[in-house]
Structures are given as C-alpha cells and as structure tokens.
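A.B. asks: I'd like to go over a predicted model; first the sequence, then the structure.
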Amino acid sequence: MAPSRGVLMAVTAVAAATVTVAACDSSGTEHRNGSETSPSSSPSASPTPSPTRSYPLSKAPRTIPSVREHTPARGPGWQPGKSSAVVIGKGDKALADEGKLLAGELRISYRGEAQARAGDVELALNPKDGGGPESYSLRTHDGRVTISGPAEAGVFYGTRTLKQSVRADGTMPEGEVRDRPDRPQRGLNLDIARKHYSAGWIEDRLRGMADIKLNQLGLHFSDDQAFRIESDTHPEVVSPEHLTKAEVRRIVALAGRLHIEVVPEIDSPGHLGAVLLAHPELQLRNVSGVPSKGSLDISKPGAAKLVDELLGEYTELFGGAYWHLGADEYQALTVRDPAASYPQLQREAVKKYGAQAGIEDLATGWLNDRAAVVRPHGMKPKAWNDGLFRDSTVRADKDIEIEYWTGKEYGARPPEDYLREGFKMLNLNDEFLYYVLGQPNAFVYPTGKRIYEQWTPLVLRGTTPVPARYSGQILGGRFAVWGDFPNAQTAEQVAQGIRMPLRATSQKLWDPDKPKLSWDGFKALATEIDRG
C-alpha cells in the first residue's frame, strides 16, 4: 500500500542544526519545506538521505475460488493504467484468445506478441512449469504482471484470478501466486429437457462458470417431457422448443474458448418418453399390455438402432471428451417381479447371456453396448450410479465413470461399493448439489451455505464422507439443476438461485483446505467481485 502524502522523515543537518522535512507526493517525487542548509553552501553538512517508499507485505488476492499459494512481497502491486496492455510471449499465439478477452475485461489494449513494458500483463506458455495443465503462476513485480502455465487452461485461470482481484480491490497484490485445482472435473449439470433455456442464457452461464474456474457443463437434453436439440436422423422426436444445431455449435465453441467441456446426455433405456411418443412401437409394456413410463423395450432390435443413430449424430455434433449415457431409473427393474412382469426382457437376457441371466444383466449389457458406440468418437462414457447393479452377472465396463447422485433408487448402492470395484466417480450428491425446480420429494433449493460449510468431494452420499484412501478415484463434482416443475422459476430466477451454490461448489473443488472466510464473508466477497 502506498503511503499517504505528508511527512515521511526528518533529518538533522549536523553543521547548522536545522531541521529538514522531506515529503513525497503521490508520484513519489520528493519535496522539501522549512529552512535548509544545502551541502554545497555548507561543506561540513552531512549528505541528506533520499527517502524511499515503504510498503507492507502484500496479502493474497481476494478471489473465488481462493488461490492456494501466495508468496507476499513489498510493493505497490499492479492496476490497469492508460498505457497498460496485454501481451503474449513470443511463439505463444495459442494464447491470443485469452489475451484479447482479458484486455477487453480490464479495458486496456492488446498488443499481441510483444515485449512487455512497465504496466503490462504478459501471458506465456511454459511447458516446464509443474502442477498439471490447469496450474499457473502469476507474478506481480516492477509494475507488471506475468502469468504463465504449462498449458492454455492454466494461463486462462491465471487471467481469471487477475480479473477478480482487480474487480474486488482495484489492484493485483505484489508477490507470486502459484495455483492449481484439487479436482480435475468441476461444473454445472443442466436439465434442458424438462425446461427449455435459450442459447444466450446457456452462454451467459458458461461465462460465469469460467470466471470461477469451473470446467464442465453437463447438458441433459432428452427426457420424458421433451427432446431439445435439432435432429437430422430423427426429426420426429424433437420438441417444438429446442436448440438448433447452429446454436449448439455456438455453445460448444464458446465453451472451448473458455476451457469448459460440454458433457451431453441422452438418458436410456429409461427417461425416453419424448422419443417414444414418436415411436410407440418401442414402448416397454408389461405382460398385461400396460406401458412403462419413459421406458424403452430393449428386447426389440429397433430399440438399439434408434438410440445408436441418435448417439452417432450427436457425438459428431458435440465432439469433446465425454458422453453421458444415463442408465438410471429403468422402470422394468422397479417392480416386485421384473421377470414375471416383463417376460420378453427375461427371454432376451437368457438368449444373450445364458440361463442364469436376468433383466439386470440385459440392462447392464445395454449400457456396455452404448458405451461401445461413443468410444470410437474419442469420448469417455459416463453413467448414473443406479444404472449399475450389485448382483448382475454381466458387469459394467470399468472405464465408465460413475456419476453418484443417490442411494435411494433401485440399484443404488453405497459409494464404497463402486470405489472398491475400482470405478472412478464424480460427485453429484443430491443431499447438497441438487437444485430441483418446484422442490418436490423434500428437495429444498440450496443456498450454498451447506456446500461451503459441510460438503467435500468425499461426501458422495448423505453427509458422511467416504474413507480418504478413495480420494484419488473421486474426480470432482457438478452442481445440478433439474426441471421437475419447469414453471416453478423463470430462467432468470434459476440464474440468481444457483449463483452462490455454484461459487461454493467451485471453492470446495478447487481448494481442499477449509475456507478461511466465513459464509457471510464469502457472500460479501462474491458481491464485491460481481459489482466490480
């Protein structure tokens, strides 16, 4: 912090015993007042020392999530000025998007590949930096800022730290930040099937997510109520309100620039009511002919053909690293005697997997077969935890990432069961991380306080953490918005309602330590940053 104008020091001129007062203005220029005997007029006078500014040790920048390491230093820090610019290191053209974005946000110029000058921010790639692709270092010294990392994502997160610090306090503190996330997958899951959101609204969420260093957006776009993305292979299944493919490409492109992975989901063999409305011949019916809500009859050859055609179309549209296959809440398995109620499924299970097989085996085989469809597109398959069964003979493929949300549904088991089997998991604990429109089934809109104060990535079910020895298998988590009663809130009410829960989720996935701020302090900081 710079000292205020005024007296900085007093010295006694030895020969004349005259007091000299030295003062500095805000530019650091020294001024003098009072009577003075200059050394030139008094050979016996001692030289008068030039005063220098004195700064306290800096404090860590105030950001959400908080930075994990900060080495303090003495100095004025950095703030954007009229001559400031963002530059990128020589040969680092890959950082142009990050540089232009930051320059616009800080309202300073962008000079591209150029030598950094006083007042500038320099972005640079340094493959030798340790800490992983999302790590970065940010050094503030001599009136400039240098952000470097081994990959673009880390440098981008460094720019988010700088942006937030300037918005909160007007400055980036002197010293060095070394930062990295605790978990590799951190995000928001959005049900756009039961409630339609515009492309612009989704893009706004992406920008907000990026600022708090979230890197994953799950899009659940097919369910019993609607199918929300344009289709060329099966236009008959698409609901009137939907995203066009052009809008999806725009969303995916923006997400890529913000280092966010989009994780699409077509849930099957349940939750397919909107698709089955156009294909009633594939509807699952019990022995009495009664339809099973949203359930596909996976004994029929046309069932796999329909879903695989949709998967093939949308894996090409989205690209990316992941595909969510759903697999939860297949209604055929929720009745007292599945084999008696759905004999066609039982016959197909025996035909495919042998005399000891049951409908659980058929459902698990369905999951594995759909995973085999998305893998050639370079996508890692994901599934909900209650789509994997304890007693099935057919076992789910071990590379399927389990997204744990509940212990209450049929097939759901304690998290340790999956972890002991070696599965990697993502945390979507419905006790903390579910924002369900209309608050049905005892759900309550979370404020973020319980997440901030009680939840950790190890708390996969209820409020009890799994043993720490499984920590390496828990890849992160996503806060989830579900549209059970879509008209219970407007899109803007949803945006406001998830604002603090998302920030709390980000904090707990980025930094494993107990937060230093109280919840009230955390909320106040969020307000300061948002207000800028």
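C.D. replies: Structure received.
A.B. asks: okay but residue 182 is in contact with residue 511, surely?
C.D. replies: Yes. Using CB atoms under 8 Å, residue 182 is in contact with residue 511, at 6.2 Å. No exception for glycine: its C-beta is placed from N, CA and C like everyone else's.
A.B. asks: low-confidence ranges in the chain?
C.D. replies: Counting by pLDDT under 70, the chain contains low-confidence ranges at 1-52.
A.B. asks: show me where it has helices.
C.D. replies: 96-106, 152-169, 199-211, 245-257, 273-278, 301-318, 338-341, 343-353, 359-374, 415-420, 449-454, 491-497, 499-510, 519-531 (DSSP state H).
A.B. asks: between those, which one is nearest to residue 191?
C.D. replies: Comparison of these against residue 191 by CB to CB identifies helix 491-497 as nearest, at 10.3 Å.
A.B. asks: now for that closest one, which elements pack on it?
C.D. replies: helix 199-211 (3 or more CB pairs under 8 Å, 6 or more residues apart in numbering; DSSP states H and E).
A.B. asks: how far off helix 96-106 does the helix it packs on point, in degrees?
C.D. replies: 90 degrees (axes from the mean of the first three to the mean of the last three CA atoms, to 10 degrees).
A.B. asks: What residues of helix 199-211 count as buried?
C.D. replies: Using 16 or more other CB atoms under 10 Å as the test for burial, helix 199-211 gives 202-203, 205-206, 208-211.
A.B. asks: how many degrees apart are that helix and helix 245-257 in direction?
C.D. replies: 10 degrees.
A.B. asks: begin at 43 from here
C.D. replies: Understood, numbering begins at 43; the last thing we discussed is helix 241-253.
A.B. asks: Need the residues that contact helix 241-253.
C.D. replies: Contacts with helix 241-253, where a contact means CB atoms under 8 Å, 6 or more residues apart in numbering, come from 198, 202, 205-206, 229-230, 232, 234, 257, 259, 285, 289-290, 292-293, 296-297, 300-302, 533, 537, 541, 544.
A.B. asks: Quick check: the residue nearest to residue 555 when sequence neighbours are not counted vs residue 394, distance?
C.D. replies: In space, residue 555 comes closest to residue 110 once its chain neighbours are excluded; the distance is 7.8 Å by CB to CB, 6 or more residues apart in numbering. Per CB to CB, to the nearest Å, residue 110 is found 50 Å from residue 394.
A.B. asks: So the two - more neighbours on which side?
C.D. replies: Comparing residue 110 with residue 394 by neighbour count (other CB atoms under 10 Å), the higher total belongs to residue 110, at 18 against 13.
A.B. asks: so that one touches residue 255, yeah?
C.D. replies: No. Look at residue 110 against residue 255 with CB under 8 Å: they stay out of range, at 11.4 Å.
A.B. asks: shared neighbours of these two, which are they?
C.D. replies: The contact sets of residue 110 and residue 255 overlap at residue 552 (CB under 8 Å, 6+ apart).
A.B. asks: about what we covered before: generate a PyMOL selection restricted to the buried subset of the contacts of helix 241-253.
C.D. replies: For the buried members of the contacts of helix 241-253, the matching PyMOL selection, counting by 16+ other CB under 10 Å, is:
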select buried, resi 198+202+205+206+229+230+232+234+257+259+285+289+290+292+293+296+297+300+301+302+533+537+544
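A.B. asks: Distance check, residue 221 against residue 193.
C.D. replies: If you go by CB to CB, the gap between residue 221 and residue 193 works out to 14 Å.
A.B. asks: ok, these two, which is more surrounded?
C.D. replies: Taking neighbours as other CB under 10 Å, residue 221 and residue 193 compare with residue 221 leading, 27 against 18.
A.B. asks: was I right about the more buried one contacting residue 111?
C.D. replies: Yes. Using CB under 8 Å, residue 221 is in contact with residue 111, at 6.6 Å.
A.B. asks: give me the number of residues near the nearest residue to residue 420 once chain neighbours are set aside?
C.D. replies: In space, and not counting its chain neighbours, residue 420 is closest to residue 363: 7.3 Å by CB to CB, 6+ apart. Counted with other CB under 10 Å, residues neighbouring residue 363 total 12.
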